[in-house]
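Asks: Here's a sequence, model it:
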Amino acid sequence: MKYRIDRYFCGHRMLIFGILCLFGISLLAGTSTFVPKKKKTAAQGADDKKVFLIHSDELFYNKFQNPEAQILRGNVAFRHGTMYMYCDSACYYEASNSFEAFGNVRMKQGDTLSLRGKHLYYDGEEQLAQLREDVKLRHKTTTLTTDSLDYDRIYNLGYFMNGGTMIDGDNVLTSDWGEYNTGTKMATFNYHVKLVNPKYTLTSDTLRYNTTNGIANIVGPSDIYSDDNHIYSELGFYDTRSDRARMFGRSKLSNNDGKSLIGDSLFYDRKTGVGKAFRNIVYTDTVNKNGFTGNYCYYNEKTGYAVAYDSAVAIDFSQGPDTLYMHADTFRLQTFNIETDSAYRKMHAYHKVRAFRKDVQAVCDSLVFSSKDSCMTMYDNPIVWNNNQQLVGEEISVYMRDSTIDWAHVQRQAMSVEKMDSTHYNQVSGKEMKAFFTDGKMHQADVLNNVRSIYYPLDDDSLIIGLNYAETSKLSLFIKENKLQKIIMSPQSNGVLYPLDQAPENKRYLDGFAWFDYIRPTDKDDIFSWRGKKKEQELVIQNRRSAPLQKLKKKNKTKEE
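Replies: Model (predicted):
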């Protein structure tokens with residue numbers, strides 16, 4: 001008992017001596033205001049490495065249970081450099097420059113960093129703090145809670161291995177393993193990572209998060225879910241404060257309306273609704289059964305405006321395996337009345353438009369499609385092929401029904417050509433033509449005004465028996481199984497039937513005839529190879545003259561008037 005008391009008072013004398021020494025150093029520091037700063041001496045460097053006991057209500061030794069430790073109880077306080085540590089009781093190992101703290105453990109460094117827990121082991125040589133049970137790390141506005149945390153003061157790094165939660169503003173991050181650097185403000189999370197925000201939830205296998213700017217760095221398979229859409233990426237950045245995402249490596253953006261967008265890199269601004277995709281883009285709309293591919297796409301989900309170019313291809317797969325592929329230099333989409341029940345869209349395609357489907361092919365310089373009336377209008381030397389039928393004119397409008405062609409309207413310099421063999425073609429031309437389709441095949445065509453026709457009738461063995469040339473005001477063609485069955489003219493015209501070997505050369509082809517086989521797309525890859533009409537075969541636009549406006553002469557008004 002006497003030994004314990006002596007050691008107790010001896011310890012207090014050492015404590016008083018240490019406080020006097022510290023007081024003396026403080027006075028010396030106070031008198032050195034006007035002295036230039038000097039490099040730290042070896043003694044000062046050693047002082048920074050030492051763990052100092054600042055206070056304890058009780059201090060004693062237990063040579064039987066723990067002979068190397070100073071037993072401390074009541075308001076225990078330590079200092080190591082700029083870090084202050086407090087607890088209810090501790091075992092201080094002065095020889096190894098370490099201690100073990102129990103009860104209400106607190107660590108505080110400046111005004112920005114604090115740690116709490118129930119148990120702490122601190123190694124002054126390694127500057128490593130190991131906190132256990134109900135651990136909480138506070139750094140500025142960031143709070144990290146866990147049951148087990150190691151904090152390395154050399155690298156300003158705290159890490160947990162048995163699950164933890166970080167709260168930073170509106171963001172709550174959880175994971176099985178993680179680390180947080182108080183110097184760089186960077187946190188890294190691994191295994192079952194979840195970032196919960198009032199607007200969305202991010203799940204990942206690996207995530208890096210910057211508490212300074214709120215940017216989450218995705219470095220593994222990750223999903224971001226919200227009420228309206230879903231983002232999948234394995235590499236990218238998400239700004240949790242501005243709600244902007246920049247993703248790489250075949251990332252995918254999809255929404256609840258069946259639309260998805262994949263690209264080598266994606267940009268999405270949740271607040272403005274703007275999305276951008278770059279390189280090897282694949283857009284799919286499973287509801288409307290269409291999509292496109294290309295190397296650049298811009299879309300605003302709030303306004304319904306979109307633009308795509310650079311190898312852009314619009315795709316319609318509503319007809320099952322018979323998919324339509326259309327290429328143009330640029331596609332532009334506008335949505336009208338977007339927030340009403342009468343919303344509709346207009347798509348503009350320009351220039352050098354080429355389209356391919358097994359049963360239908362088309363070429364023009366530009367086109368417009370409106371979902372309001374399901375009409376697609378082609379401009380500037382348009383050509384449409386349907387099996388062995390060819391339609392040309394100054395302007396062609398195609399009306400769809402249930403994603404299938406219903407009828408087509410050819411305006412000005414209209415001409416329909418049916419290829420019978422390599423030298424014989426049924427032809428009809430007029431100012432206007434309407435073609436009607438069933439199951440995607442033309443069964444009737446009506447031609448109006450200045451109608452001219454060349455028709456090769458067949459015998460029962462499907463052999464050509466002659467050439468029939470006729471002119472009339474209206475002509476109707478009836479087609480069955482891709483073969484011309486009959487012609488009806490109004491007013492009735494008998495025309496002229498020439499034996500095949502006596503048909504004049506100038507009656508074999510109508511003015512403006514051409515079979516544009518060299519332009520026709522051959523497959524879905526051929527739509528990228530632009531081939532225009534030969535110069536001599538291009539249509540010369542026939543501009544209609546407008547009636548002159550009448551001008552009323554003004555009468556000179558007199559003063560009396």
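Asks: Distance-wise, check N381 relative to R531.
Replies: 12 Å (C-beta to C-beta, to the nearest Å). (Each C-beta comes from the backbone N, C-alpha and C, glycine too.)
Asks: Looking at those two, which one has more neighbours?
Replies: N381 (19 against 14; other C-beta atoms under 10 Å).
Asks: G512 versus that one, what's the distance?
Replies: For N381, the distance to G512 - C-beta to C-beta - is 12 Å.
Asks: now do R250
Replies: R250 is 49 Å from G512, by C-beta to C-beta.
Asks: Show me where the stretch 401-550 of the chain has its strands.
Replies: 404-419, 425-438, 441-455, 466-480, 483-490, 496-499 (DSSP state E, counting those that start in this stretch).
Asks: could I get the ones you listed as CSV with mean neighbour count and mean pLDDT?
Replies: Formatted as CSV, the strands of the stretch 401-550 of the chain follow (neighbours: other C-beta atoms under 10 Å; pLDDT from 0 to 100):
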stretch, mean neighbour count, mean pLDDT
strand 404-419, 20, 90
strand 425-438, 21, 92
strand 441-455, 19, 90
strand 466-480, 18, 90
strand 483-490, 14, 82
strand 496-499, 13, 91
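Asks: May I see those strands arranged in TSV, with distance to N171 as well?
Replies: Listed next are the strands of the stretch 401-550 of the chain as TSV, based on distance: least, C-beta to C-beta, whole Å:
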stretch	distance to N171
strand 404-419	50
strand 425-438	57
strand 441-455	59
strand 466-480	66
strand 483-490	70
strand 496-499	85
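Asks: What helix or strand is A314 located in?
Replies: strand 313-316 (DSSP states H and E).
Asks: packing partners for that strand?
Replies: strand 290-300, strand 324-327 (3 or more C-beta pairs under 8 Å, 6 or more residues apart in numbering; DSSP states H and E).
Asks: Overlap in contacts, N381 and G512.
Replies: L539 (C-beta atoms under 8 Å, 6 or more residues apart in numbering).
Asks: in terms of contact, does N229 touch N255 like I think?
Replies: Yes. Under the criterion of C-beta atoms under 8 Å, N229 makes contact with N255 at 4.2 Å.
Asks: higher neighbour count, these two?
Replies: Legend: neighbour count by other C-beta under 10 Å for N229 and N255, higher for N229 (21 against 15).
Asks: what's the most buried one of the helices and strands packed on strand 313-316?
Replies: Most buried of those, by mean neighbour count (mean count of other C-beta atoms under 10 Å): strand 324-327, with a mean of 24.
Asks: Which SSE is immediately downstream of that one?
Replies: strand 330-336.
Asks: Direction included, what does the following helix or strand past that following strand pair up with?
Replies: Elements were assigned by DSSP H and E; along the chain past strand 330-336, the next helix or strand is strand 344-356. In the sheet, strand 344-356 lines up against strand 324-327 (antiparallel), strand 330-336 (antiparallel), strand 360-370 (antiparallel) (DSSP bridges).
Asks: Output these in TSV; the columns should cover distance to G164 and mean pLDDT.
Replies: Shown next, in TSV, are the strands paired with strand 344-356 (distance: least, C-beta to C-beta, whole Å; pLDDT from 0 to 100):
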stretch	distance to G164	mean pLDDT
strand 324-327	51	94
strand 330-336	45	93
strand 360-370	54	93
